[in-house]
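Chemist: Structure for this input, please:
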Amino acid sequence: MAPSFINTHTLIRDYFLLDPSALLKRNEVLRLIIEQGPVLYIPEIEVYTISGQKAIREVIRNPHTFSSRHVTGHRVSRNYRVGLLNADPPTHTERKLWASKSFSQSHLKQRESHIQELVNTLIREFHDKGEFDLINDFANPITVNLTLAILGIPLTYFNKFQYWAIAHAAPVGNPNLSPKAQTKLIIEFIEFERFLIQLIETDQLENGLIKDLVQKMEDPNTEFTLKELVLMSHQILTAGTETTAKFLLSIFENLLENPQTYLEIQQNHALIPTLIEEVLRYKPPTHGMFRTATQETEILGYKIPKDAMLLLMYSSVGVDEEKVKCPFHFDLHRKSANHHLAFGSGIHYCLGAQLAKILANIVVTSLISQFQHMRISPNQILEAHPSYVFYGYKKFLIQFDPISKKSK
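Modeler: Below you'll find the predicted structure:
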């Protein structure tokens, strides 16, 4: 077995240490990582990046050797509990089956009118302003609202859960969180846990996934605790909000940076599904997720020590030069646009993948139909989201001209 390459490239190092200028060069960093091979050790954060479809598939095919226990990249030892994202088979298999009902085709079809209503409501709030923040005025509210509906949490508590959904994703891909910030997040999770348990015990929940999970918990033949139910709900809330909101951001950033693409989408809405796939290939909302080596092993001949933390770079698959022509060029008419692993692969393939695409299609169609001359607001300073896993900005202002009723 060969030792893994140790990164010595300054830009890659700066990216993983969250240097603001390096975070804005996301695809340049990804290209450099790929060039250095399928296994690259980043000593500053003690993480191995795994890139390329062949290496990634080798990992995901072996969940017992490469565990999802520390799926967010933070090692948990005290009071460890299993939810969904951090579960391995057979526990994961069972719990994903429980949750899959809420993401079935029949359930998703029923949600389309709800999504359209949410989109219309948000658009009305800034329709006459000529500018809006895609992230804070639109993407975050709509994804939190939709996720709460799936879970069955009343919208009365929207503000509380929106805060938790966004704030509690902060540790992922952020090695710079202070001890004080980490302690604050732990305290807030305890508050989240107590509040959700109160909603369950006082029967305040609406029909949804959490009520279904309560039934599983009450089954004497099922090993599933209340605290595990809370963690599973928390994971769906935070993961669903963070990834989907940043997915919408990536779509509009790429759309508005390419005038010809924007014009074609305006003229032909049938191209929107291809736009969505090309964005997922070219600049997905997340690089990937973590795995932990349960024993000393190897990946494509490269040594991996026991307890090593691995970051599966799903984003690398869509820009593989051996599989995709001109991979770092955005092309609306690319025939291989669906060659990506933006939603993961294998047993941990994202439950909400189809829902995210449905949401994106409705959002793009609605905004393109309601507004003309949409453009990225000039003179704004784009501040990167502090994470080497998630892609995005703290805010993203878009200017537009409303389409008058007479011109429709």
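
Chemist: where does this protein have low pLDDT?
Modeler: Applying pLDDT under 70 to the chain flags residues 1-4, 75-80, 404-408.

Chemist: Would you map the strands across it?
Modeler: Assigned by DSSP state E, the strands in the chain fall at 5-6, 39-42, 47-51, 66-67, 131-133, 288-293, 297-299, 302-304, 309-313, 371-376, 397-402.

Chemist: Identify all contacting residues around the third one.
Modeler: The contact list for strand 47-51 (Cβ atoms under 8 Å, 6 or more residues apart in numbering) reads 4, 16, 33-34, 37-42, 56, 59, 73, 290, 299, 304, 308-313, 316. Placement of C-beta: from N, CA and C, glycine included.

Chemist: Specify the angle between it and strand 309-313 in degrees.
Modeler: Interaxial angle, strand 47-51 versus strand 309-313 (axes from the mean of the first three to the mean of the last three Cα atoms, to 10 degrees): 30 degrees.

Chemist: From the chain's centroid, how far away is strand 47-51?
Modeler: Counting by Cα atoms, centre = their mean, to the nearest Å, strand 47-51 is centred 18 Å from the centre of its parent chain.

Chemist: Tell me the spacing between Ile210 and His9.
Modeler: Taking Cβ to Cβ, to the nearest Å as the measure, Ile210 falls 45 Å from His9.

Chemist: which one of those two has more residues nearby?
Modeler: Between Ile210 and His9, Ile210 has the larger neighbour count (other Cβ atoms under 10 Å), namely 22 against 14.

Chemist: surely Tyr262 meets Met374?
Modeler: Yes: at 7.2 Å, Tyr262 counts as touching Met374 under the criterion of Cβ atoms under 8 Å.

Chemist: Setting aside sequence neighbours, what's the nearest residue to the residue nearest the centre of the chain?
Modeler: Closest residue to the average C-alpha location of the chain: Thr243 at 2.2 Å, with Cα atoms, centre = their mean. Spatial nearest neighbour of Thr243, chain neighbours left out: Pro285 (5.1 Å); criterion: Cβ to Cβ, 6 or more residues apart in numbering.

Chemist: and the one you found, how many neighbours does it have?
Modeler: Neighbours of Pro285 under the rule other Cβ under 10 Å: 24.

Chemist: can you start the count at 32 instead of 1 from here on
Modeler: Sure, I'll start counting at 32 from here, so that last one is Pro316.

Chemist: neighbour count winner among Tyr293 and Met405?
Modeler: Legend: neighbour count by other Cβ under 10 Å for Tyr293 and Met405, higher for Tyr293 (20 against 17).

Chemist: which residues does that one contact?
Modeler: 286-287, 405.

Chemist: If we use 7 Å, what do you get?
Modeler: Counting by Cβ atoms under 7 Å, 6 or more residues apart in numbering, Tyr293 touches 286-287.

Chemist: quick one: Asn171 from Asp164, how far?
Modeler: 9 Å.

Chemist: Between the two, point out the one with more neighbours.
Modeler: Between Asn171 and Asp164, counted using other Cβ under 10 Å, the more crowded position is Asn171 (22 against 18).
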